[in-house]
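Chemist: structure here, sequence nowhere to be found:
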RNA sequence: GCGUGGGUGGCGGAGCGGUCAAUCGCAAGAGACUGUAAAUCUCUCGCCCUAUGGGCUACGAAGGUUCGAAUCCUUCCCCACGCA
């Protein structure tokens, strides 16, 4: 199990400082949770992950169930032993794949809807069906992205897989609804997600910490209903997922509908959010942990984050730039390597480029969050 | 020297009489990515402008045929391969 201790609550906002104790160590919150979908932070070794000051990681049940198989991970001694993670771990339930492999793929959108060129008439309403994912009362039928074979995951399966994988914190199986779901579709989906959440709570046999997931799309009544219902369950913490509207403001609003209905003593995780610009907003709303693929995903595309904005290191202008990615950064990449060399490596498709920037981005993101913790400590937030 | 095949935009390489400023790939430039299937996707890419349109210069060079040529003919200059 986990134990969550709140060290300080801000007087200026809902922000709080905490310690999240797990079987594999203690996390100072608020904290970034880098994404290790397939039991690896892509391009880095676990020693390197540790050196980025990463405190915990989240992996994905769907992926690990398919490869190498959750039972294989169990035989390896659980995910921590398997990937040599001496830090706390989480697994997402696979619920996000209901969206990302279903409507998300059909409609080519992410979970934040900034714009939808020429497709505003495309909505997901009651009766809408994804081309590749079929949702039933028992769970979700997928096609394997690897070989096209038929797959099925429901709440019971997800919990069983997550028990085998053995992370410290696991998530209830949910339907992550797409942007542009009608309120009717979202309401029906929410009922299903809630029935599934109850099944997850009831079927869990281990002492892993189970987080329930608050859905409800962009609709206030649904978000309020969802947060109250999930709060009533015997869960160890909360995940906040799903559609967050079209902007940071709408995300902020949605959190304001949800957080007040959640118990203080349970940790709150924001699923899949974590641009640098998002961090203070969600932390001020009382989020304790949040995961985001951006630092790692962008790193592999050559984008490095700095205190002066992001850099696209593939640009030719960096070939003659002898500065480190960020002069004020203390990470190994910035201590040793210069932009000109890293740019050269990207332009030559050398995998080391991705490693260097992944390391930097994670270190940098973790530093930004550490600074926010300090601000809370100092009473500035 | 003879023979054959070629010379097209930054590069490679289509086109082989009109709808060609010229398919496509690479390179280059701009942008997007938020519970990661996918180291991905989108746009631009001769020059200029009063820019969902208009003008100019272009397909080795110079002529020619034709209403019209990157596309046909002639000469010349290069390149590759083969034979001497």
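Modeler: That came in fine, so what should we check first? All values derive from a computational prediction rather than experimental measurement.
Chemist: for the rest of this, base every contact and every neighbour count on C-alpha atoms.
Modeler: OK.
Chemist: gap between the lowest-mean-pLDDT helix or strand in chain A and the chain center?
Modeler: Here the helix or strand of chain A ranked lowest by mean pLDDT, DSSP states H and E is helix A:104-107, holding a mean of 74. Counting by Cα atoms, centre = their mean, to the nearest Å, helix A:104-107 is centred 19 Å from the centre of its parent chain.
Chemist: list the contacts of it.
Modeler: If you take Cα atoms under 8 Å, 6 or more residues apart in numbering as the criterion, helix A:104-107 is touched by A:99, A:110-111, A:130-131, A:178.
Chemist: buried among these? Make that a ChimeraX selection.
Modeler: Here is the ChimeraX selection string for the buried members of those, based on 16 or more other Cα atoms under 10 Å:
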select /A:99,111,130,178
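Chemist: check the contacts of helix A:104-107 against RNA strand B, which are close?
Modeler: Among the contacts of helix A:104-107, the residues within reach of RNA strand B (Cα under 7 Å from any atom of the strand) are A:110-111.
Chemist: re earlier: what's the following helix or strand after the least confident helix or strand of chain A?
Modeler: strand A:134-135 (DSSP states H and E).
Chemist: so in that sheet, which strands flank that following strand, and in what orientation?
Modeler: Sheet pairing of strand A:134-135 (DSSP bridges) gives strand A:140-143 (antiparallel).
Chemist: the partner strand: what's the following helix or strand?
Modeler: strand A:150-153.
Chemist: before we move on, back to that, among the contacts of helix A:104-107, which one lies nearest to residue A:148?
Modeler: residue A:131 (13.1 Å; Cα to Cα).
Chemist: returning to what we had before: now do the buried residues in the least confident helix or strand of chain A.
Modeler: Those would be A:104-105, A:107, for helix A:104-107 by 16+ other Cα under 10 Å.
Chemist: and the closest residue to RNA strand B within chain A, how close does it get to residue A:123?
Modeler: Using Cα to the nearest atom of the strand, the single residue of chain A nearest to RNA strand B is residue A:272, 2.8 Å away. Residue A:272 sits 22 Å away from residue A:123, going by Cα to Cα, to the nearest Å.
Chemist: mind listing what the residue nearest to residue A:285 when sequence neighbours are not counted touches?
Modeler: In space, and not counting its chain neighbours, residue A:285 is closest to residue A:14: 4.9 Å by Cα to Cα, 6 or more residues apart in numbering. The neighbours of residue A:14, taking Cα under 8 Å, 6+ apart as the test, are A:283-286.
Chemist: what would those residues look like in a markdown table with secondary structure and distance to RNA strand B?
Modeler: Below are the contacts of residue A:14 laid out as a markdown table (DSSP: H, G, I helix; E, B strand; the rest coil; distance: Cα to the nearest atom of the strand, whole Å):
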| residue | secondary structure | distance to RNA strand B |
| --- | --- | --- |
| A:283 | helix | 13 |
| A:284 | helix | 15 |
| A:285 | coil | 15 |
| A:286 | coil | 16 |
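Chemist: got a list of what the residue of chain A closest to RNA strand B touches?
Modeler: A:241, A:290-293.
Chemist: how about it, secondary structure?
Modeler: Following DSSP: H, G, I helix; E, B strand; the rest coil, the label given to residue A:272 is coil.
Chemist: with residue A:290 instead?
Modeler: Note that with three-state DSSP, the state of residue A:290 is strand.
Chemist: low pLDDT regions in chain A?
Modeler: Flagging of chain A using pLDDT under 70 yields the residue ranges A:108-109, A:113-122.
Chemist: rewinding a little: looking at the contacts of helix A:104-107, which one is closest to residue A:62?
Modeler: residue A:99 (12.4 Å).
Chemist: residue A:177 is in contact with that closest one, correct?
Modeler: Yes: with contact defined as Cα atoms under 8 Å, residue A:99 and residue A:177 form a contacting pair (6.3 Å).
Chemist: from residue A:204, how far out is residue A:182?
Modeler: Counting by Cα to Cα, the gap from residue A:182 to residue A:204 is 32 Å.
Chemist: can you give me the domain boundaries for chain A?
Modeler: A:3-292, A:310-381 (automatic domain parsing).
Chemist: quick check, the shortest one touching RNA strand B?
Modeler: Yes: for domain A:310-381, a contact with RNA strand B is found by Cα under 7 Å from any atom of the strand, at A:314-317, A:347, A:349-351.
Chemist: now the buried members of those.
Modeler: By 16+ other Cα under 10 Å, the residues of domain A:310-381 next to RNA strand B give A:314, A:347 as buried.
Chemist: farthest pair in the residues of domain A:310-381 next to RNA strand B?
Modeler: The widest separation within these (Cα to Cα) is 20.4 Å, between A:317 and A:351.
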